[in-house]
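In: this one's structure only:
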């Protein structure tokens, strides 16, 4: 997953679209909820690990850099809990589709970009796939979106394999379009899914 660098959320974007969701959102094994400032330590614990940060779009220089940036992420980030422990985060970043001028209003706020991280010590058990499937339930359920996308460096095979496992469709393969801090210019992939392609239930577990 090639996480997008955030630019902050303006006051003009309120009310918060994610307020339409009945939080927390429960899956078979996980709890998804709005991230809070109190989650900063738990998220820094794994996001600062090279195995996680290598493929993110923004890598904190140090803890101070993370502390300065983290509050800006709260508007679009969910905490992923496993048995009461925060083990990852999930980004749902709402955006506009493209439309010709006369219909542009109808294309506003109808899409979302997903991003995610998971602590390495809980990987390999399907938790990331479970969290991303829950994100689709949220996006195509209470948020009423029509399209969801995600991107990754092509070398990040674990990420795009996950996208394929949950039913996303590869829509683009771009050659040397993303500059990586260590690996130089890398190929990138983009995946997407439409609401009509997602037949899963759109309600959280009780």
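Out: That came through fine. For clarity, every value in this text was computed on a predicted model and none was experimentally measured.
In: pLDDT below threshold where in the chain?
Out: In the predicted model of the chain, residues 1-14, 201-206 satisfy pLDDT under 70.
In: show me where it has helices.
Out: Remark: helices assigned in the chain by DSSP state H are 40-47, 50-53, 63-73, 127-140, 157-165.
In: my guess is residue 49 meets residue 120, correct?
Out: Yes - between residue 49 and residue 120 there is a contact under C-beta atoms under 8 Å: 6.5 Å. For glycine as for every other residue, the C-beta is placed from the backbone atoms N, C-alpha and C.
In: is it true that residue 109 touches residue 99?
Out: No - in this structure residue 109 lies outside contact range of residue 99 using C-beta under 8 Å: 11.8 Å.
In: which of these two has more neighbours?
Out: Comparing residue 109 with residue 99 by neighbour count (other C-beta atoms under 10 Å), the higher total belongs to residue 109, at 16 against 13.
In: Without its sequence neighbours, what residue ends up closest to that one?
Out: Nearest non-adjacent residue to residue 109, counting by C-beta to C-beta, 6 or more residues apart in numbering: residue 94, 5.8 Å away.
In: Please report the distance of the one you found from residue 115.
Out: Per C-beta to C-beta, to the nearest Å, residue 94 is found 13 Å from residue 115.
In: hang on, the earlier thing: how deep is the residue nearest to residue 109 tucked in, by neighbour count?
Out: Look at residue 94: counted by other C-beta under 10 Å, it has 20 neighbours.
In: what do you get for residue 113?
Out: Neighbours of residue 113 under the rule other C-beta under 10 Å: 19.
In: and it, what does it touch?
Out: Contact analysis of residue 113 by C-beta atoms under 8 Å, 6 or more residues apart in numbering lists 4, 91-93, 95, 148-151.
In: What spatial separation is found between it and residue 147?
Out: Using C-beta to C-beta, which is the criterion applied here, residue 113 is 10 Å from residue 147.
In: now residue 160
Out: 18 Å.
In: the more surrounded of those two?
Out: residue 160 (24 against 18).
In: The more buried one contacts residue 189, correct?
Out: Yes - in this structure residue 160 lies within contact range of residue 189 using C-beta under 8 Å: 5.3 Å.
In: what about the strands in the chain?
Out: Assigned strands in the chain, in chain order: 25-26, 30-34, 77-82, 85-95, 111-118, 147-153, 169-180, 184-194 (criterion: DSSP state E).
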